[in-house]
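A.B. asks: need a structure here:
(one chain, ligands or ions: 1)
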Amino acid sequence: MSEKKYNVAVVGATGAVGQNIVKYLEEQPFPIGQLSLLSSKRSAGKKVTFHNKEITIEEATESSFNSIDIAFFSAGGAISEKLVPSAVKSGAVVIDNTSAYRMDEEVPLVVPEVNPEDLHKHKGIIANPNCSTIQMVAALKPIQEKYGLNRIIVSTYQAVSGAGLAAQDELVAQTKQYLNDEEMEANILPAGGDKRHYPIAFNALPQIDVFDDNDYTKEELKMINETKKIMHAPDMKVAATCVRLPVFSSHAESVYVEVEGNPTVDQFKATIADGKGLILEDDPATQTYPTPLSSEGKKEVFVGRIRQDLDVNNGFHLWIVSDNLVKGAAWNTVQIGQSLVEQKII
Ligand SMILES: NC(=O)c1ccc[n+]([C@@H]2O[C@H](COP(=O)([O-])OP(=O)(O)OC[C@H]3O[C@@H](n4cnc5c(N)ncnc54)[C@H](OP(=O)(O)O)[C@@H]3O)[C@@H](O)[C@H]2O)c1
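C.D. replies: Residues are numbered from 1 along each chain as shown. I've put the predicted structure just below:
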């Protein structure tokens with residue numbers, strides 16, 4: 001890391017993702033001069049301890065970025081649309097966790113293990129991909145590099161923390177209601193902005209985010225479109241079905257891929273085991289495979305249950321698990337910041 005220090009802002013610092021960004025900024029050797037922690041009016045005035053100093057949370061406004069070099073945004077798409085332009089105008093480089101700018105052609109969409117070179121093209125904004133996309137492309141990048149990748153079909157098993165702190169609270173409340181024989185109250189899932197809400201406790205909801213005109217959900221379209229952009233593979237065939245489960249943290253994914261070459265299953269596993277930020281946990285004889293609980297709080301992407309398809313020679317099945325608030329959000333965001341500093345792009 002360079003000796004230069006950077007003034008850093010975290011917008012949405014009190015949220016599920018923002019709290020983890022602050023945690024990793026404290027844990028990592030990140031060269032921070034001043035740190036501004038920003039939220040809505042609701043949390044302004046609260047105190048957070050960072051490197052043994054108390055920082056007061058402030059309300060995020062257009063003028064919050066005057067002396068900021070790097071601004072991490074994680075307060076929802078509408079806030080990013082409103083405040084990111086002011087941050088960029090003030091000279092900050094923005095790393096945005098929301099979907100507001102991800103598919104903008106001018107904005108690099110980056111997973112540092114997959115496409116760090118794209119950071120050089122930034123014009124003030126870098127987007128952090130969707131959580132379920134990050135773990136999938138991180139696991140598949142070494143396969144794409146070594147064997148070529150034609151097709152991906154993914155079904156997700158996603159945690160409620162992907163829908164923010166309020167969704168986690170709702171799962172707790174509904175679990176208590178169900179066990180007390182009371183009616184479960186549903187106000188948030190499957191999608192805060194949609195008309196109907198269903199209980200998530202003891203349930204599985206085949207809807208994450210709202211539906212698009214083509215009957216895919218926005219989460220499914222994010223996985224499809226973001227994967228093609230990050231992997232620089234506009235012609236790759238990608239299909240996704242996204243499902244929410246009553247799990248607090250870590251998304252799991254059942255993924256089927258078709259490769260161009262003809263690797264053996266052992267070669268396929270060895271390629272994953274050698275991949276950056278990946279951990280292979282795959283031994284049916286000892287029932288070894290990753291689960292949401294075993295990956296919670298960890299920075300890596302875990303892969304198991306690798307099998308060659310029984311009918312399609314170049315088809316393989318994988319089970320990919322990672323903590324959506326860590327590698328799926330805060331850790332990937334902080335890694336982007338570290339990579340900017342290390343590559344001297346800021
Ligand atoms: N959770 C995930 O797995 C995940 C993964 C990748 C990306 N993301 C994205 O990251 C963003 C935040 O998600 P989250 O799960 O952390 O949500 P969250 O737990 O609901 O937190 C929202 C944060 O935004 C702040 N905020 C709300 N309204 C604001 C306003 N008007 N001005 C400034 N700050 C405001 C909140 O501050 P108060 O405390 O004042 O309310 C809080 O700090 C979303 O866009 C989400 O899509 C989430």
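
A.B. asks: residues in contact with the closest residue to the ligand within the chain?
C.D. replies: Nearest residue of the chain to the ligand (Cβ to the nearest ligand atom) works out as Gly15 at 2.1 Å. The C-beta positions use only the backbone N, C-alpha and C, and glycine is treated the same way. By Cβ atoms under 8 Å, 6 or more residues apart in numbering, Gly15 lies in contact with Ser39, Ser74, Ala75, Gly164, Leu165.

A.B. asks: What about Thr288, how many residues nearby?
C.D. replies: 13 (other Cβ atoms under 10 Å).

A.B. asks: Please apply the same query to Glu113.
C.D. replies: Neighbours around Glu113, by other Cβ under 10 Å: 21.

A.B. asks: quick revisit: now do the phi/psi pair for the residue of the chain closest to the ligand.
C.D. replies: Main-chain torsions, Gly15, degrees, to the nearest 10: phi -90, psi 180.

A.B. asks: which residues touch the residue nearest to Ser254 when sequence neighbours are not counted?
C.D. replies: Leaving aside its chain neighbours, Ser254 sits nearest to Ser155 (4.8 Å; criterion: Cβ to Cβ, 6 or more residues apart in numbering). By Cβ under 8 Å, 6+ apart, Ser155 lies in contact with Ala240, Thr241, Cys242, Val243, Glu253, Ser254.

A.B. asks: Most neighbours among the residues you listed, which one is it?
C.D. replies: Neighbour counts for the contacts of Ser155, by other Cβ under 10 Å, peak at Cys242, which reaches 28 neighbours.

A.B. asks: pretty sure the residue nearest to Ser254 belongs to a helix, no?
C.D. replies: No - read with DSSP: H, G, I helix; E, B strand; the rest coil, Ser155 is strand and lies in no helix.

A.B. asks: Find me the pLDDT at it, would you?
C.D. replies: pLDDT for Ser155: 99.

A.B. asks: Could the C-alpha coordinates of stretch 70-85 be exported in PDB?
C.D. replies: Output of stretch 70-85 as PDB, limited to C-alpha atoms (Å, rounded to 0.1, in the frame of the first residue of the first chain):
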ATOM      1  CA  ILE A  70     -13.000   7.800  -2.100                       C
ATOM      2  CA  ALA A  71     -16.700   7.400  -1.400                       C
ATOM      3  CA  PHE A  72     -18.300   4.000  -0.800                       C
ATOM      4  CA  PHE A  73     -22.000   4.100  -1.500                       C
ATOM      5  CA  SER A  74     -24.400   1.500   0.000                       C
ATOM      6  CA  ALA A  75     -27.700   3.300   0.800                       C
ATOM      7  CA  GLY A  76     -29.900   2.100  -2.100                       C
ATOM      8  CA  GLY A  77     -30.200   3.000  -5.800                       C
ATOM      9  CA  ALA A  78     -32.300   6.100  -5.300                       C
ATOM     10  CA  ILE A  79     -29.700   7.700  -2.900                       C
ATOM     11  CA  SER A  80     -26.900   6.800  -5.300                       C
ATOM     12  CA  GLU A  81     -28.700   8.400  -8.200                       C
ATOM     13  CA  LYS A  82     -29.200  11.500  -6.100                       C
ATOM     14  CA  LEU A  83     -25.800  11.900  -4.500                       C
ATOM     15  CA  VAL A  84     -23.200  10.100  -6.600                       C
ATOM     16  CA  PRO A  85     -23.100  12.900  -9.200                       C
END
